[in-house]
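Engineer: need coordinates for the following:
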Amino acid sequence: MAFDKKLLITGGAGFIGSHVVRRFVTQYPNYQIFNLDALTYAGNLENLSDIETASHYVFIKGDITDASFVMTLFETHRFDGVIHLAAESHVDRSITDPMAFVHTNVNGTVHLLQAARSIWKDSYEGKRFYHVSTDEVYGTLGATGLFTETTPYAPNSPYSASKAASDHFVRAYGETYGLPYVLTNCSNNYGPNHFPEKLIPLCIHNIIQQKPLPIYGNGLYTRDWLYVLDHARAIDLVFHQGRNHETYNIGGFNEWKNIDLVRLLCELMDTRLGRPAGTSAQLITFVKDRPGHDLRYAIDATKIHTELGWQPSVTFEEGLAETLDWYLTHPEWLEQVTSGRYQTYYQTHYLD
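Structural biologist: Got it, this is the predicted structure:
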């Protein structure tokens, strides 16, 4: 079968990546979708079990930090487009091991850029490199103001510094070599299939298990929350309709202080679990603050709304309800992820 496009999605077994892969596989049967993932701790192929037999979907296990492997992949498949999500993404882990973040987020991105430039150098027509980044590259906000696409970069953690560096390399390849790219910076995502090291899925899991709910510092750190399916829809729009060499910020217009969000989660989970009101809130435990902790993130998503017509399709209350209900109706997923048994899925389904 002849395909209109061959599209490489990196990190497609991760949280955001799996939702992006699913959207493109279901929406574009005329595209051949290649999902490249190293299947580290956050990669879970069970997230894609519903579409893994699609005839136009291909999974490839591999590491973007392996330059020769990446180049061979591009030479073999001659991709028309790349949506690059593969990254180390947890701030706490970056504080413990910053070099791992440089290795994956910076070196891995440059390997992809080099391969794309090499294969596309004769003609950039119809080609696009889409780099998915974070609002954390902008640093921290005070009590007022929003991040815009022109906010100066001021990363404060090894994670955000590594993402900022990768953003700069993407822009540099656009300016120096003319590589056609688009770049997006998003706020905190939430939704189904989220690995339970981040705030919302961690609290959901711990409330179910009646374990402590760790809250950094005084709990007043503020984040803007974006429903992951809305993010996938935005990525679809930017990939197809965004202007080359442009950045688009994607946010949920939805700011919450950590402590207020956790208290809301406690209330909603008590209701769903049939526990007396206030039961889960007793699990809240304040812990030592994280070094270099950014006070507030908030995105101005006016540009993507004005140019491409994107806006969140659900309210935070709707998205959070869908998220909680998903976790409560998929206890086996949560158990397998927390036990580590999900890591045998590739061996069982792809190699045996």
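Engineer: count the residues that sit near the residue nearest to N105 when sequence neighbours are not counted.
Structural biologist: The shortest distance from N105 to any residue that is not its chain neighbour, by C-beta to C-beta, 6 or more residues apart in numbering, is 3.8 Å, and that residue is S162. From N, CA and C alone the C-beta is placed, and that goes for glycine too. Each residue near S162 was counted by other C-beta atoms under 10 Å, and the total is 28.
Engineer: helix, strand, or coil at S162?
Structural biologist: Judged by DSSP: H, G, I helix; E, B strand; the rest coil, the three-state class of S162 is helix.
Engineer: my read: it touches H90, true?
Structural biologist: No - with contact defined as C-beta atoms under 8 Å, S162 does not count as touching H90 (11.8 Å).
Engineer: thinking again about what came up before, OK, contacts around the residue nearest to N105?
Structural biologist: When contacts are counted by C-beta atoms under 8 Å, 6 or more residues apart in numbering, S162 is found next to E88, S94, P98, F101, V102, T104, N105, V106.
Engineer: can you tell me how far it sits from I64?
Structural biologist: According to C-beta to C-beta, to the nearest Å, S162 and I64 sit 13 Å apart.
Engineer: mutual contacts of the two, please.
Structural biologist: Jointly contacting S162 and I64 under the rule C-beta under 8 Å, 6+ apart are T104.
Engineer: now do the strands in the stretch 251-352 of the chain.
Structural biologist: Taking DSSP state E, counting those that start in this stretch to define them, one finds strands in the stretch 251-352 of the chain at 255-257, 284-287.
Engineer: in helices, which of the contacts of S162 appear?
Structural biologist: Secondary structure of the contacts of S162 is defined by DSSP state H; positions in helices are S94, P98, F101.
Engineer: the second one contacts A165, doesn't it?
Structural biologist: No - under the criterion of C-beta under 8 Å, P98 makes no contact with A165, lying 11.7 Å away.
Engineer: ok, those two, which is more surrounded?
Structural biologist: When P98 and A165 are compared for neighbours, A165 comes out ahead with 20 against 16, by other C-beta under 10 Å.
Engineer: name the nearest residue to that one, ignoring sequence neighbours.
Structural biologist: V106 (4.8 Å).
Engineer: mind pulling up the pLDDT for the one you found?
Structural biologist: Per-residue confidence (pLDDT) for V106: 98.
Engineer: for it, grab the count of nearby residues.
Structural biologist: 20.
Engineer: next: E318.
Structural biologist: Number of residues near E318 (other C-beta under 10 Å) recorded here: 12.
Engineer: any regions of the stretch 51-200 of the chain where pLDDT drops low?
Structural biologist: Residue ranges of the stretch 51-200 of the chain with pLDDT under 70: none are present.
Engineer: ranges for the strands of it?
Structural biologist: 57-61, 81-84, 128-134, 181-186, 188-190.
Engineer: in a markdown table: those, plus distance to I119.
Structural biologist: Conversion of those to a markdown table gives the following (distance: least, C-beta to C-beta, whole Å):
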| stretch | distance to I119 |
| --- | --- |
| strand 57-61 | 16 |
| strand 81-84 | 10 |
| strand 128-134 | 11 |
| strand 181-186 | 15 |
| strand 188-190 | 30 |
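Engineer: of the ones you listed, which is nearest E267?
Structural biologist: If you check each of those against E267 by C-beta to C-beta, strand 188-190 wins as the nearest, at 16.6 Å.
Engineer: tell me which strands the closest one pairs with, and in which orientation.
Structural biologist: Looking at strand 188-190 with DSSP bridges, its partner strands are strand 222-227 (parallel).
Engineer: now do the partner strand against strand 181-186, angle only.
Structural biologist: Taking axes from the mean of the first three to the mean of the last three C-alpha atoms, to 10 degrees, strand 222-227 and strand 181-186 form an angle of 120 degrees between their directions.
Engineer: which SSE is immediately downstream of strand 222-227?
Structural biologist: The C-terminal neighbour of strand 222-227 among helices and strands, as given by DSSP states H and E, is helix 228-241.
Engineer: give me the mean pLDDT for that next one.
Structural biologist: The average pLDDT for helix 228-241 rounds to 98.
Engineer: hmm, back to that, mind putting the strands of the stretch 51-200 of the chain into JSON lines with distance to L39 and mean neighbour count?
Structural biologist: Output for the strands of the stretch 51-200 of the chain, formatted as JSON lines (distance: least, C-beta to C-beta, whole Å; neighbours: other C-beta atoms under 10 Å):
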{"stretch": "strand 57-61", "distance to L39": "6", "mean neighbour count": "17"}
{"stretch": "strand 81-84", "distance to L39": "17", "mean neighbour count": "24"}
{"stretch": "strand 128-134", "distance to L39": "19", "mean neighbour count": "24"}
{"stretch": "strand 181-186", "distance to L39": "23", "mean neighbour count": "24"}
{"stretch": "strand 188-190", "distance to L39": "20", "mean neighbour count": "22"}
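Engineer: nearest to I215, of those?
Structural biologist: strand 188-190 (15.3 Å).
Engineer: who's in contact with that closest one?
Structural biologist: Residues lying outside strand 188-190 but in contact with it, judged by C-beta under 8 Å, 6+ apart, are 15-16, 198-201, 223-228, 231, 297, 319-320, 323.
Engineer: mind running it again at 7 Å?
Structural biologist: By C-beta atoms under 7 Å, 6 or more residues apart in numbering, the list of residues contacting strand 188-190 from outside reads F15, I16, I200, R223, D224, W225, L226, Y227, V228, H231, G319, T323.
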